[in-house]
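1. Give me the fold of what follows.
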Amino acid sequence: MAALLGLLLAVGAGTASAFDLQAHRGGRGLWPENTLAAFSQALELGVDTLELDIGLTADDVVVVSHDGALNPSHTRGADGAWLVAEGAPIRSLTLAELQRHDVGRIKPETPYARQFPAQVGRDGETIPTLAAVFALAAARGATTVRFNIETKIDPTRPDATASPEAMVDALLAEVDRAGLARRVTIQSFDWRTLARVAERAPALPRAYLTSARGNLRDRRWTTGLDPAAFASTPALVKAAAGADAGAVTWSPSAGDVTADAVREAHALGLGVVPWTVNDPVAMARLIGLGVDGLITDRPDLLRDVMRERGLPLPPPSAAR
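-> Residues are numbered from 1 along each chain as shown. Presented below is the predicted three-dimensional model:
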């Protein structure tokens, strides 16, 4: 089975429906990140995968948020006023308290606003539950769309979020309730998360996020494995995943990707899905290297590049 998986991954973008277009945080270059509005628009546009992040509230509800605390760049209180500094940690708020905040618009004149000038705000959007995202996809008839779910945990700040065990167990319970195990991948920079997934749900696909300037500099992120002890990052990921692991993806920072690394990863049976690629020239270059998908804030631009290269496009899921 491992050899067959490696063969399928090695052919990568050259096979029909093999390339994976992932809308990062729902496509935050176009819509408010990690909101139901963004995920709805991404489905209407047509993507293979909704990429999103999760945390746990004080009452142990799995919610969709990239940040461990309320982000003043796109958060307003119940009074409509922008937060002036980082807000309360997600883990310290109940779901009801969390959803009193509006995250549907970028605060003007912030670095975030300058980074994503094309983002269209939508007032009234709150941080959704993961269950609500699953329900949205079901209501839209998006029966083939996948979910790439990142656990937002920092091993250098253990008190800032839930533990890997608590977060993974809550996440797996939501996936099980929704009956979506066949359409979910769990990803993380903190590989303790992925070790827990391998223990609790070994058949569930896992994606190992890496950054040469980030988590690969500190073995606390890599479950104690020393990146310097391995000849390459794909070899490190393979060792972390285990020789008998099922579907495993290496998800590197786009700037760390080389043709040799893609070839080696495929030879090891790993998929390769870089993050976060918003420039069409970079998209085309990486597709040319044979990556298996891309995570992007601009799924519209990636669709254009895929069309130009003759790759099959994911169908839209029109609003009902």
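2. Ramachandran angles for residue 40?
-> Dihedral pair for residue 40: phi -60, psi -40, per degrees, to the nearest 10.
3. Next one: the closest residue to it other than its chain neighbours from residue 42, what distance?
-> Excluding its sequence neighbours, the residue lying closest to residue 40 (CB to CB, 6 or more residues apart in numbering) is residue 136, at 6.2 Å. No exception for glycine: its C-beta is placed from N, CA and C like everyone else's. As judged by CB to CB, to the nearest Å, residue 136 and residue 42 stand 10 Å apart.
4. So which of the two has more stuff around it?
-> Using other CB atoms under 10 Å as the criterion, residue 136 and residue 42 rank with residue 42 on top: 29 against 18.
5. can you give me the strands for the stretch 1-150 of the chain?
-> 20-24, 49-56, 62-64, 146-151 (DSSP state E, counting those that start in this stretch).
6. Looking at the ones you listed, which is nearest to residue 287?
-> strand 20-24 (10.7 Å; CB to CB).
7. which regions of the stretch 151-300 of the chain sit below the pLDDT cut-off?
-> For the stretch 151-300 of the chain, no stretch has pLDDT under 70.
8. quick one, what contacts residue 60?
-> Contacts for residue 60 (CB atoms under 8 Å, 6 or more residues apart in numbering) come out as 166, 170.
9. And for the one 3 residues further on?
-> The neighbourhood of residue 63, defined by CB under 8 Å, 6+ apart, consists of 54-57, 90, 95, 98, 127-130.
10. Looking at these, which one is closest to residue 153?
-> residue 55 (8.7 Å).
11. how close does the nearest residue in space to that closest one that is not next to it in sequence sit to residue 169?
-> Using CB to CB, 6+ apart and skipping the chain neighbours, the partner closest in space to residue 55 is residue 90 (4.3 Å). The span separating residue 90 from residue 169 equals 17 Å under the rule CB to CB.
12. Would you map the helices across this structure?
-> For the chain, the helices defined by DSSP state H occupy 2-11, 36-45, 95-98, 111-115, 130-139, 164-178, 191-200, 233-241, 259-267, 280-289, 299-308.
13. now for those, which one comes closest to residue 222?
-> helix 191-200 (5.3 Å).
14. which strands and helices sit next to that closest one?
-> When contacts are defined as 3 or more CB pairs under 8 Å, 6 or more residues apart in numbering; DSSP states H and E, helix 191-200 packs onto helix 164-178, strand 184-188, strand 206-210, helix 233-241.
15. possible to save those as a markdown table with distance to residue 70 and mean neighbour count?
-> Shown next, in a markdown table, are the helices and strands packed on helix 191-200 (distance: least, CB to CB, whole Å; neighbours: other CB atoms under 10 Å):
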| stretch | distance to residue 70 | mean neighbour count |
| --- | --- | --- |
| helix 164-178 | 18 | 18 |
| strand 184-188 | 22 | 24 |
| strand 206-210 | 23 | 24 |
| helix 233-241 | 32 | 22 |
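16. looking at those, which is closest to residue 75?
-> Checking those against residue 75 by CB to CB gives helix 164-178 as the closest, at 21.6 Å.
17. Return that closest one as CSV; C-alpha atoms alone will do.
-> C-alpha atoms of helix 164-178 as CSV (Å, rounded to 0.1, in the frame of the first residue of the first chain):
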residue,chain,number,x,y,z
PRO,A,164,-2.4,18.5,22.3
GLU,A,165,-4.3,15.6,23.9
ALA,A,166,-7.3,17.8,24.7
MET,A,167,-7.4,19.5,21.4
VAL,A,168,-7.0,16.4,19.3
ASP,A,169,-9.5,14.4,21.3
ALA,A,170,-12.1,17.2,20.9
LEU,A,171,-11.3,17.5,17.2
LEU,A,172,-11.6,13.8,16.6
ALA,A,173,-15.0,13.8,18.4
GLU,A,174,-16.3,16.5,16.0
VAL,A,175,-15.0,14.7,13.0
ASP,A,176,-16.6,11.5,14.2
ARG,A,177,-20.0,13.2,14.9
ALA,A,178,-20.0,14.7,11.4
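18. Nearest residue to the middle of the chain?
-> The centre of the chain sits closest to residue 51, judged by CA atoms, centre = their mean, with a distance of 3.7 Å.
19. What residues does the closest residue to residue 141 other than its chain neighbours make contact with?
-> Of all residues not flanking residue 141 in the chain, residue 317 sits nearest, at 5.9 Å (CB to CB, 6+ apart). Contact partners of residue 317, counting by CB under 8 Å, 6+ apart, are 43-44, 46, 137, 140-142, 145.
20. before we move on, back to that, count residues in the vicinity of the residue nearest to residue 55, would you?
-> If you count neighbours by other CB under 10 Å, residue 90 ends up with 24.
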